[in-house]
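Q: could you work out the structure for the sequence below:
(one chain, ligands or ions: 1)
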Amino acid sequence: MTRPDNPQPSFRPPLLRRYSAAHLAARGLTQRRWPRSWRDHDLDSRYDVVIIGAGLHGLATAYYLAANHGITNVAVVDKGYMGGGGSGRNTAILRSNYLTPEGVRFYDRSLRLYEDLAAELNYNVMFSRQGHLTLAHNDGALRTMRWRAEVNKVQGIDSEVIDPRQIKELVPHLDTSTDTRYPILGGLYHPPGGTIRHDAVVWGYARAADHLGVQVHQNTEVTGIDVTDGKVTGVETTRGDIATGTVINCTAGWSTIISEMAGVEMPVTTSPLQAAVTEPVKPFLHTVVVSGTLHVYVSQTDRGELVFGASVDPFTSFSTRGSLAFAEGLAGNVLKLMPALSGMRLLRQWAGLCDMTPDYSPIMGPTGVDGFLVDVGWGTYGFKAGPVAGEAMADTVASGRVPEIIADFGLDRFSSGRLVGEKGAAAVGH
Ligand code: PYC
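A: Sure, this is the predicted structure:
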């Protein structure tokens, strides 16, 4: 690895350094050309680290490699555009109220990094700590919530089971009457949860990584990974070959295909997850609301739109098309929860790809191929984990050791049987 003398280059955001408020206002008014946030580069023939996937995980890994470890000879390559995969196709919900101690610790670290991200990157990522409420409509769900709340509290996470009266106070638009098909019996309330602006997170990491010397190569598809005697030696792309001893697979959707290029098989299946957004209305929903039984979650953006998501489609596919069946099912379930929304119009819908593992936890760290690391298998949890995943993968590469915070998420757990079952903490049933 190339390590500069100063292993901790400080990130000084260009906007902060170069422009006063008056300059910014003048620029905005005169519409003068803004400086680019990141650069385009010719592809070099060698990098210390090649990261596949210019989404949140890939860019965060690149940023922390540079910012925390001084490793800057890094290329992030993507077959499409930056943030065009799962990072741009989620519902931007943040939370750490998981079911296992391993999961709670991990997502809590991510939430803490998210809290400070605007200051760290000098980029307005619009973190909105609204609180996160998961509804229980039957005794089984209530029992799992009590279990989660206890695991959360032991880990120091603010999370408690609340009753229908408290729920009605938090979210007056919810139908909490008892004579419905799915009465609300209680809920898991997690005040630290919330939402963030997903594009801004991607752009903030990209700008900061670029500023520290990382190269981001969009429209650069990986077509092969070279492995000699069990060790990575290079990456083949549509823009040329790269020599490197370290490759990190940070893709979602195509993670199995990329890993197979290195000869690594992963227990992952891929399914689309659809979501939708409505027209904007006056702010009325100040909490992220989730119903696992009704397979729906909803939050209101700062612009006033309602963002809805559901469970993954019940088939494996690499398609990111939306479907009418999804929109109809979603609308029916949303109206069971909040009948007052019946007049709202859906504006757009989209789908992202979820790489599901058997235990609903990610696969992170080294593989059987020396120099080939993975940060994959995020299922429906990837966006929440971006910062901590980047930090931990960067630590792994820089130190050559797997940090404790991801030690339980290794690929080898599927042969050793030490699974980390997180299905019970999924927002909705899958
Ligand atoms: O786990 O909170 C969650 C979630 C929301 C959307 C997809 N997953």
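Q: confirm R181 sits in a helix?
A: No: counting by DSSP: H, G, I helix; E, B strand; the rest coil, R181 falls outside a helix, being coil.
Q: next, count neighbours for it.
A: R181 has 7 neighbouring residues, counting by other Cβ atoms under 10 Å. In this view, the C-beta of every residue, glycine as well, is placed from N, C-alpha and C.
Q: what of H295?
A: By other Cβ under 10 Å, 18 other residues sit near H295.
Q: pretty sure it contacts G429?
A: Yes: the pair H295 / G429 is scored as a contact, 6.2 Å apart, by Cβ atoms under 8 Å.
Q: got any residues that touch both of these two?
A: S311 (Cβ atoms under 8 Å, 6 or more residues apart in numbering).
Q: how about the residue lying closest to M344 once chain neighbours are set aside, phi and psi?
A: Nearest residue to M344, sequence neighbours excluded (Cβ to Cβ, 6 or more residues apart in numbering): T278, at 4.8 Å. Backbone geometry at T278, expressed as degrees, to the nearest 10, gives phi -100, psi 180.
Q: contact residues of the chain facing the ligand?
A: Applying Cβ under 6 Å from any ligand atom, we find that the chain lies next to the ligand at 91, 93, 95, 297, 309, 380-381, 426-427.
Q: restricted to strands, list those.
A: The members of the residues of the chain next to the ligand that map onto strands under DSSP state E are 93, 297, 309.
Q: dump the residue contacts of R181.
A: Shown in contact with R181 (Cβ under 8 Å, 6+ apart): K336.
Q: any idea what the closest residue to the ligand within the stretch 201-350 of the chain is bridged to?
A: In the stretch 201-350 of the chain, the residue that lies nearest the ligand is G309 (4.7 Å; Cβ to the nearest ligand atom). G309 has these beta-bridge partners by DSSP bridges: A275, Y297.
Q: just to be sure, S299 is in a helix?
A: No: according to three-state DSSP, S299 belongs to no helix; its state is strand.
Q: what's around it, how many residues?
A: Using other Cβ under 10 Å, the number of residues around S299 comes to 24.
Q: which residue, other than its chain neighbours, is closest to it?
A: Leaving aside its sequence neighbours, S299 sits nearest to V288 (Cβ to Cβ, 6+ apart; 4.4 Å).
Q: quick one, what contacts N97?
A: Residues near N97 by Cβ under 8 Å, 6+ apart: 104, 132, 134, 148-149, 152, 157, 159, 188, 190, 193, 425.
Q: and it, its phi and psi?
A: According to degrees, to the nearest 10, N97 has phi -90, psi 60.
Q: show the end-to-end separation of stretch 291-299, please.
A: Its first and final residues considered, stretch 291-299 spans 12 Å by Cα to Cα, to the nearest Å.
Q: nope, stretch 173-186 is what I meant
A: Stretch 173-186 has an end-to-end distance of 15 Å (Cα to Cα).
Q: pull out the buried residues from it.
A: For stretch 173-186, a neighbour-count test (16 or more other Cβ atoms under 10 Å) marks 174, 176, 184-186 as buried.
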